[in-house]
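Asker: I would like the atomic coordinates for the input below:
(one chain, ligands or ions: 1)
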Amino acid sequence: MGKLRDAFENKETEQEETSFLGKLFSSPLIRGFYKEEKPVIDVKLDGNKNEQLRMTALINEIANNSPSGRKILEDAAKAGYSFGFATQPGSYGFCSEEDKIIRLNPMKKDAKLIATLAYESRHAQQHLRGIPTEFCTFDVATELKLRRATEADAQAAAAQVALEIRAATQSDKVWRAFEQSDPDITRSVDKPSVFKPVSYVVENSEKTMQAAFTGWFNNWRIIDAYEQGYLYGHLMQAGRYSDPAEAKKFFEEKPFSGHKTSAEVLQMVCVSDKGTCYFADDLDIMDRNTRMCGLCKETRTAADMFFREREKVTGQKPDTSYQDLPNRGGLFKALEMAMQGMMDVKASKSPTDKKAPPPSLAAALRRLHQGR
Ligand SMILES: [Zn+2]
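Answerer: All right, here's what the predicted structure looks like:
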């Protein structure tokens, strides 16, 4: 999502990289030649000819093989999003409602970018259905669950599209690329025999998406990165304004008001092609699962501080929505472990590279984020 991307990316380098690297990585030199064809859906493409042909190949792979994917792309196109490439270190792509753009990282392989295109277009579809992109809109408990649900749902949609393409093409290529980047999700999904027709995979979409959504929550590193980016980082900004007028404006921009129950969050986010909620038979799942509704202690402390400060500045009563949420452990403890894990991976890959400095927290977050 665009806003979270801003928290993780270096915007200044991005533009230059976009113009040069973006073109290079979609050029015939790196990718070979793409078929001269038109996209089968009516969508605005950005970029030079090679980039447009590459994007067309990705769009058509989805639209010609996956009925669910086609609908998602059509909705994004109808909402006015244009598709293009932009280099983003440590990320596969992003969707910005503000700029009405979907961008894919040209340095990644096409098999992976197909699922990414479905994923980012699903975010566009979520915005289209009225899910606000501005963080800190609803109360803390709702924000926590809503932002997690939008990410898990976008991955669930990508998993469904990858499975439909697998059935239509009888090739595991797209599914395997998805599996490599998101094994927690693919492991949770009951993969049908490759000989089952697309219609069978479509019929089972609600079950598949439920399983993929739930699988997203098995990756606590991603959950931590999002809790940091969506909530903790915003809450921690309270108290930095000494000028009362500036402080007032800051709190006005972060209303944290309005509550949705977990069931309402799922009904808003987890909508199938048929317009029904694919969690209709299990609407209290988020309340039963600490990974889905739990809060880290640092975020809780930051929220207490934020609302104390807000009351001082505006007189508004504090948000109490998060008080009864279960504890999910320590945010930075988890991040430290994640960083340690990445360093171990690095060390095992290149045992001679012992002098590599430890990654910064920002770099760790960028890597954890992976373009979600
Ligand atoms: Zn996302």
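
Asker: Phi and psi next, for residue 103.
Answerer: For residue 103, the backbone dihedrals (degrees, to the nearest 10) come out as phi -130, psi 140.

Asker: Can you give me the neighbour number for the residue nearest to it when sequence neighbours are not counted?
Answerer: Of all residues not flanking residue 103 in the chain, residue 86 sits nearest, at 4.0 Å (Cβ to Cβ, 6 or more residues apart in numbering). For glycine as for every other residue, the C-beta is placed from the backbone atoms N, C-alpha and C. Applying other Cβ atoms under 10 Å, we find 23 residues neighbouring residue 86.

Asker: The one 10 residues further on now?
Answerer: With neighbours defined by other Cβ under 10 Å, the count for residue 96 comes to 20.

Asker: gap between it and residue 58?
Answerer: 18 Å (Cβ to Cβ, to the nearest Å).

Asker: what sits against residue 112?
Answerer: 92, 177, 178, 180, 181 (Cβ atoms under 8 Å, 6 or more residues apart in numbering).

Asker: which residues touch the host helix or strand of residue 187?
Answerer: Here residue 187 is covered by helix 183-188, with elements defined by DSSP states H and E. For helix 183-188, the surrounding residues in contact (Cβ under 8 Å, 6+ apart) are 155-156, 159, 175, 178-179, 211-212, 214-216, 218-219.

Asker: State the next helix or strand along the chain beyond it.
Answerer: Assigned by DSSP H and E, the successor of helix 183-188 is helix 198-203.

Asker: what about that following helix, distance to the chain center?
Answerer: How far helix 198-203 lies from its chain's middle: 25 Å, per Cα atoms, centre = their mean, to the nearest Å.

Asker: for that helix, packing partners?
Answerer: Using 3 or more Cβ pairs under 8 Å, 6 or more residues apart in numbering; DSSP states H and E, the elements in contact with helix 198-203 are helix 67-78, helix 140-169.

Asker: low-confidence ranges in the stretch 51-200 of the chain?
Answerer: Across the stretch 51-200 of the chain, nothing is flagged by pLDDT under 70.

Asker: go with 90
Answerer: In the predicted model of the stretch 51-200 of the chain, residues 87-91, 133, 194 satisfy pLDDT under 90.

Asker: what does it have sitting close to the ion?
Answerer: Taking Cβ under 5 Å from the ion as the criterion, the stretch 51-200 of the chain approaches the ion at residues residue 151.

Asker: redo that, cut-off 8 Å
Answerer: The stretch 51-200 of the chain has residues 94, 95, 119, 120, 123, 150, 151, 154 near the ion, with proximity defined as Cβ under 8 Å from the ion.

Asker: Need those residues in TSV (columns: neighbour count).
Answerer: Converted to TSV, these look like this (neighbours: other Cβ atoms under 10 Å):
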residue	neighbour count
94	26
95	26
119	30
120	29
123	28
150	24
151	23
154	27
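
Asker: State the pair within those that is farthest apart.
Answerer: 94 and 150 (13.5 Å; Cβ to Cβ).

Asker: before we move on, back to that, ranking the helices and strands packed on helix 198-203 by mean neighbour count, which comes first?
Answerer: helix 140-169 (a mean of 26; mean count of other Cβ atoms under 10 Å).
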